[in-house]
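Engineer: Okay, sequence plus prediction incoming.
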Amino acid sequence: MTHGRRIVIVNNVIKSFSRRFLSLIMLSASVILFVTLWASVSHAHDPLFLSPDQETPSQGPLLPDGTISFALYGEFLAEGETRGFQANFKDGDLFQLELLIPALDPEQSLQQDQLPFLRLITPDGSEQILYPSIRTRFDEPFTNTSYFTLIQERGTAQGGVYDIVIVSRAPARFTTAIGIKEQFGTPVQRAGERPSSFAETSDRLGEWYDNSNSDPVQESKDDHSSSPSAETLDESAPEISTEEPEISSKNLETQPITPEQDVEESETGDESSTNQTLWLLVIIAIVAIPVILIIRRILRSTPK
């Protein structure tokens, strides 16, 4: 076999290997991109920010479709404050509602009886009090924020408008998430100063998350030791409300999720591991781009 023939064979082998490697890299990059986008969307909510003057549902945002995924951010500066909003549902829609707090102080140091809770009024006028029943950590890698989920409520909705009120029992920031359908930019009545761009949304969320106007936790404890108002006494029932069974079965058939602590820790660990894996895959995809360009340059410069 001549020397020239050997060079041709080696070149053909290199080209064949390079093409297969290039195809594998491109396929991997496509899969990584899909998984990353899916993970991002699966945790995405259209953000709204509740102001102190939106104390009641009629003053707060009116969501045209309660199945659309919204996250409403707010902050309480004292015990007994309220924030409210409304959400419209069709009969038989999936109803999903969550209450979260940042995994930061002072919120994460609050005792169980200092955590905020929800007051839910269904379209037929029935009222339900939802108290925190879990404390599951949720890490959001794309916004670099972390939360504790306090309430997860799911059921079948009545047709009409739901009134939802968040009630404070101590100074704290909070997030209320509703709906599961990803649809950004939906017009919302009484939305207040709504962010108009991704950059503005990111800035406002970062400011809300990093800068608490709440006083230190000891103030909450001092307030807690003082005599509560009559309204607070009426609402501060045990954490598992004894009023809930009185709600008719034709109303919202909620199914509160109350996992045990060891299950919560396991889920948190799995989620954290998944997030780390996703970021590792993203880094691999970024590194693969210059590799692809180098391979293409080698193929073009190889004599035929």
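Structural biologist: Okay, I see it. These figures come from a predicted structure and were not determined experimentally.
Engineer: what's the neighbour count on residue 163?
Structural biologist: Neighbour count for residue 163, taken as other Cβ atoms under 10 Å: 19. Heads up, the C-betas are built off the backbone N, CA and C, glycines and all.
Engineer: now it: how far from residue 131?
Structural biologist: 18 Å (Cβ to Cβ, to the nearest Å).
Engineer: how close does residue 172 sit to residue 180?
Structural biologist: In this view, residue 172 and residue 180 are 25 Å apart by Cβ to Cβ.
Engineer: more neighbours, those two?
Structural biologist: residue 172 (26 against 14).
Engineer: quick one: pLDDT of the more buried one?
Structural biologist: Here, the pLDDT recorded for residue 172 equals 97.
Engineer: contacting residues around it?
Structural biologist: Counting by Cβ atoms under 8 Å, 6 or more residues apart in numbering, residue 172 touches 75, 76, 101, 106, 107, 110, 114, 115, 116, 214, 220.
Engineer: In strands, which of the residues you listed fall?
Structural biologist: Secondary structure assignment by DSSP state E places 75, 76, 101 of the contacts of residue 172 in strands.
Engineer: Show me which of the residues you listed is closest to residue 292.
Structural biologist: Each of these was scored against residue 292 by Cβ to Cβ, and residue 101 proved nearest at 44.3 Å.
Engineer: what's the distance between the spatially closest residue to that closest one that is not a sequence neighbour and residue 150?
Structural biologist: Among residues not flanking residue 101 along the chain, residue 107 sits closest, at 4.1 Å (Cβ to Cβ, 6 or more residues apart in numbering). Using Cβ to Cβ, residue 107 is found at 10 Å from residue 150.
Engineer: Now list whatever residues contact both of those two.
Structural biologist: Counting by Cβ under 8 Å, 6+ apart, the shared contacts of residue 107 and residue 150 are residue 101.
Engineer: In contact with residue 163, which residues?
Structural biologist: Residues in contact with residue 163 (Cβ under 8 Å, 6+ apart) are 57, 58, 84, 86, 120, 121.
Engineer: Over to residue 209?
Structural biologist: Neighbouring residues of residue 209 by Cβ under 8 Å, 6+ apart: 102, 104, 143, 145, 173.
Engineer: measure it to residue 91 for me?
Structural biologist: Distance, residue 209 to residue 91, using Cβ to Cβ: 37 Å.
Engineer: sorry, back to before: what sits against the residue nearest to residue 101?
Structural biologist: 101, 148, 172, 173, 174, 212, 214.
Engineer: same check, this time on residue 188
Structural biologist: If you count contacts by Cβ under 8 Å, 6+ apart, residue 188 has them with 48, 61, 62, 63, 64, 70, 194.
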